[in-house]
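# let's see this in three dimensions:
(one chain, ligands or ions: 2)
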Amino acid sequence: MTEPAFTPLRSVLYMPSSNAKALEKAKTLPIDGVILDLEDAVAPDAKPAAREAAAAAVGSGEYGRRTLTIRVNGLGTAWHDDDIVAAAQAGPAGIVVPKVNSAEEVKQLVAAIEKAGAPDHTRLWAMVETPEAIFGVRELAAADERLAVLVMGTNDLVKELYAEHVPGRAPLLTSLSWSVLAARAAGIAILDGVYNDVKNTEGFLAECTQGAQMGFDGKTLIHPGQVAGANETFAPSAQAVEDARGILAAWEEGKGSGVVTYNGKMVENLHVESAQRTLSIHEAITGLETDA
Ligand SMILES: CC(C)(COP(=O)(O)OP(=O)(O)OC[C@H]1O[C@@H](n2cnc3c(N)ncnc32)[C@H](O)[C@@H]1OP(=O)(O)O)[C@@H](O)C(=O)NCCC(=O)NCCSC(=O)C[C@H](O)C(=O)O
Ligand SMILES: [Mg+2]
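Ligands and ions are numbered 1, 2, ... in the order given. Modelled structure (predicted):
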């Protein structure tokens, strides 16, 4: 499977696929990605119509550069099989599956998605939100090359752990870090969980900063008011871009030596690689903003 060019996923907004107003609104928001939800945010009676609306949204071609995904209902639910067929045939960038527990389930899901005729560009996004998933997350993340993104489900994790949502997320740190390690070892992307208190900007920004510092590629969101903060926090800052350019210039100047300094700090090849990564993310984001 050919890897697509780097795609920023700083801000990925869930919306109930049963909410026509939200689906319309998403076309105007500066989000990197959309999760058209068929699971938790959609009442049982509304699920068939929501499934059709999600497929129609993907087919509409009206979401521009935004990465479009559909979140289906989980394995073992009454809606799962029909959701998978509809999503695979709609061909979004990703099919998000909640409560994926193991590498075996990843393989089972990939087989179902392929059997339903998904195009190559439709990747699996697996939600990590159960204790069983956390214990097997390394194998889960590396189970199949169609798996492109891990998505933390921090509400379900808190529920399953009998834990509490607290500032700083101490009860979740083991699961979050372990999942970031697994995603990096497998070379795939990973998105942080949602922040429920939509009116608490300060708490939201603190959690974005924590997620970015831990290595997440971006954050899943539930409200348009969270988009700007996630876009800013998960993009390299102006200072980071300036430093990256400075590191590359210092390295070029000291060509041939294995170590140089920039602003008094040691620079080795590994710092050069990080600087190059920072600049490619910055350029990809700048490209999006130019296209928007
Ligand atoms: C949380 C909400 C129910 C709040 O809704 P509401 O009170 O209507 O918000 P506002 O009045 O402030 O809305 C302002 C405008 O923005 C639009 N809007 C709101 N939310 C969205 C959205 N998610 N996407 C697109 N547009 C949205 C409103 O329509 C208003 O528009 P306008 O009138 O034109 O100005 C609501 O935000 C919401 O439903 N959010 C999504 C909930 C959701 O999808 N939940 C499921 C995913 S989270 C999850 O399951 C995580 C995981 O599994 C885990 O375990 O953690
Ligand atoms: Mg969940």
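# other SSEs contacting the top helix by length along the chain?
With DSSP state H setting the assignment, residue counts place helix 269-291 as the longest helix in the chain. Judged by 3 or more CB pairs under 8 Å, 6 or more residues apart in numbering; DSSP states H and E, the packing partners of helix 269-291 are helix 238-253. (C-beta placed from N, C-alpha, C; glycine too.)
# how about residues contacting whichever helix or strand comes after the helix it packs on?
Following helix 238-253 in sequence order, the next helix or strand is strand 260-262 (DSSP states H and E). By CB atoms under 8 Å, 6 or more residues apart in numbering, the residues outside strand 260-262 that reach it are 243, 246-247, 250-251, 253-254, 267.
# which one (most neighbours) among the residues you listed?
Among those, the one with the most neighbours (other CB atoms under 10 Å) is I247, at 23 neighbours.
# look up how far ligand 1 lies from that one.
37 Å (CB to the nearest ligand atom, to the nearest Å).
# for that residue, which residues are in contact?
262, 267, 271-272, 275.
# show me the domain layout of this structure.
According to automatic domain parsing, the chain is divided into the following domains: 11-233, 238-291.
# other residues contacting the longest helix of the chain?
Residues from elsewhere that reach helix 269-291 (CB under 8 Å, 6+ apart): 5-8, 10, 32, 64-65, 235-236, 240-241, 243-245, 247-248, 251, 258.
# angle of that helix against helix 238-253?
130 degrees (axes from the mean of the first three to the mean of the last three CA atoms, to 10 degrees).
# tell me the average confidence for helix 269-291?
Averaged across helix 269-291, pLDDT comes to 89.
# same deal with stretch 217-236?
For stretch 217-236, mean pLDDT is 98.
# could we number from 728 for the rest of this?
I'll keep to 728 as the first residue from here, and by that count the last item is stretch 944-963.
# centre of the chain versus that stretch, how much separation?
11 Å (CA atoms, centre = their mean, to the nearest Å).
# what do you get for stretch 829-837?
Centroid separation for stretch 829-837 versus its chain: 19 Å, with CA atoms, centre = their mean.
# buried set for it?
829-830, 832-833, 836-837 (16 or more other CB atoms under 10 Å).
# okay, the residues you listed in a markdown table with distance to ligand 2 next?
Shown next, in a markdown table, are these (distance: CB to the ion, whole Å):
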| residue | distance to ligand 2 |
| --- | --- |
| S829 | 17 |
| A830 | 20 |
| E832 | 15 |
| V833 | 17 |
| L836 | 16 |
| V837 | 21 |
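# same list (those residues) but as a markdown table, adding secondary structure, pLDDT and distance to L874.
Formatted as a markdown table, the buried residues of stretch 829-837 follow (DSSP: H, G, I helix; E, B strand; the rest coil; pLDDT from 0 to 100; distance: CB to CB, whole Å):
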| residue | secondary structure | pLDDT | distance to L874 |
| --- | --- | --- | --- |
| S829 | coil | 98 | 12 |
| A830 | helix | 98 | 9 |
| E832 | helix | 98 | 11 |
| V833 | helix | 98 | 6 |
| L836 | helix | 98 | 9 |
| V837 | helix | 98 | 7 |
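# return only those of those residues found close to ligand 1.
Subset of the buried residues of stretch 829-837 in contact with ligand 1: empty, counting by CB under 6 Å from any ligand atom.
# distance check, E891 against L756.
For E891, the distance to L756 equals 31 Å [CB to CB, to the nearest Å].
# who has more neighbours out of these two?
L756 (17 against 10).
# and the more buried one, how far is that from N923?
The gap separating L756 from N923 is 19 Å, by CB to CB.
# how about the residues of the stretch 878-1019 of the chain that lie near ligand 1?
Contact residues (CB under 6 Å from any ligand atom) of the stretch 878-1019 of the chain with ligand 1: 880-883, 920-921, 925, 949-951.
# among those, name the buried ones.
Buried among those (16+ other CB under 10 Å): 880-881, 883, 920-921, 949-951.
# narrow those to those in helices?
Checking those against DSSP H, those in helices are 881, 883.
# what's the most distant pair in the buried ones among the residues of the stretch 878-1019 of the chain next to ligand 1?
Farthest apart among these by CB to CB are D883 and P951. That separation is 23.3 Å.
# circling back to that earlier point, what's the farthest-apart pair in the contacts of I974?
Farthest-apart pair in those is Y989 and V999; separation 10.1 Å (CB to CB).
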